[in-house]
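S.K.: The sequence isn't on hand, but the structure is:
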């Protein structure tokens, strides 16, 4: 059985990274595709675990050599998912989580039509703004841009297969876990395996 791509999107401050970390602790055989980015690392982020941090020149070289399944410019930085980070895991039958923005999700859906799209929502816009302000990693101008983009991104949530409201971390983590586990039992994914096992 080939692996499935689970695309996780949502505005900055929705809690995507925290939810993904929680689900990876619960579903230990799920893969995670580490994206490339040109932005600076945040406190606590580790090269190769959270992102591959590269400069814009190297990123452009990767674009020119068609190294990315998808890439997008977000604010003043670039983000991309490389083929190498994804195809080996999928071909080995491993499910893979991608943490990418809406632009990237749409690009992935065009190339991997059976991917599952999951959007993480904050409980309210006020909570989202508060979370972004508490991060204190952005300048005032960057913060204003993030808040404006978040409002725009929220309007795209209806394009996704599943919506998870992150108003309680434990409940939201369980909801994300449930979506992945339920998909693993779907007829479209396991029927051929069942037919082989039971000689149907």
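M.R.: Structure received. Everything quoted here is computed from the prediction, not taken from an experiment. Residues are numbered from 1 along each chain as shown.
S.K.: Which neighbouring elements make contact with the helix or strand harbouring residue 142?
M.R.: Per DSSP states H and E: residue 142 is located in helix 140-154. Helix 140-154 sits against helix 125-135, with contacts defined as 3 or more CB pairs under 8 Å, 6 or more residues apart in numbering; DSSP states H and E. C-betas here are computed from N, CA, C, even on glycine.
S.K.: quick check: angle from the helix it packs on to helix 140-154?
M.R.: 150 degrees (axes from the mean of the first three to the mean of the last three CA atoms, to 10 degrees).
S.K.: low-confidence ranges in this structure?
M.R.: Applying pLDDT under 70 to the chain flags residues 1, 136-138.
S.K.: just the strands in it please.
M.R.: For the chain, applying DSSP state E gives strands covering 5-9, 31-32, 35-37, 51-53, 68-74, 77-82, 96-99, 116-121, 162-165.
S.K.: so which of those comes closest to residue 146?
M.R.: Among the strands of the chain, the nearest to residue 146 by CB to CB is strand 68-74 (9.8 Å).
S.K.: How about residues contacting that closest one?
M.R.: Under the contact criterion CB atoms under 8 Å, 6 or more residues apart in numbering, strand 68-74 has outside partners 36, 59, 62-63, 78-83, 86, 100-101, 103-104, 107-108, 111-112, 149.
S.K.: again with stretch 143-158
M.R.: Here stretch 143-158 makes contact (CB under 8 Å, 6+ apart) with 9-13, 74-75, 101-102, 119, 121, 125, 128-129, 132-133, 138, 163.
S.K.: buried set for it?
M.R.: Neighbour counts over stretch 143-158 (16 or more other CB atoms under 10 Å) mark 143, 145, 146, 147, 149, 150, 153, 154, 156, 157 as buried.
S.K.: so which two of those are the farthest from each other?
M.R.: Most distant of those, by CB to CB, are 143 and 157, 21.8 Å apart.
S.K.: Could I get the contacting residues of residue 100?
M.R.: Shown in contact with residue 100 (CB under 8 Å, 6+ apart): 7, 8, 9, 35, 70, 72, 79, 81, 108.
S.K.: how close does it get to residue 187?
M.R.: With distances taken as CB to CB, to the nearest Å, residue 100 is found 27 Å from residue 187.
S.K.: Repeat that for residue 156.
M.R.: Residue 156 is 29 Å from residue 187, by CB to CB.
S.K.: go on, residue 19?
M.R.: 27 Å.
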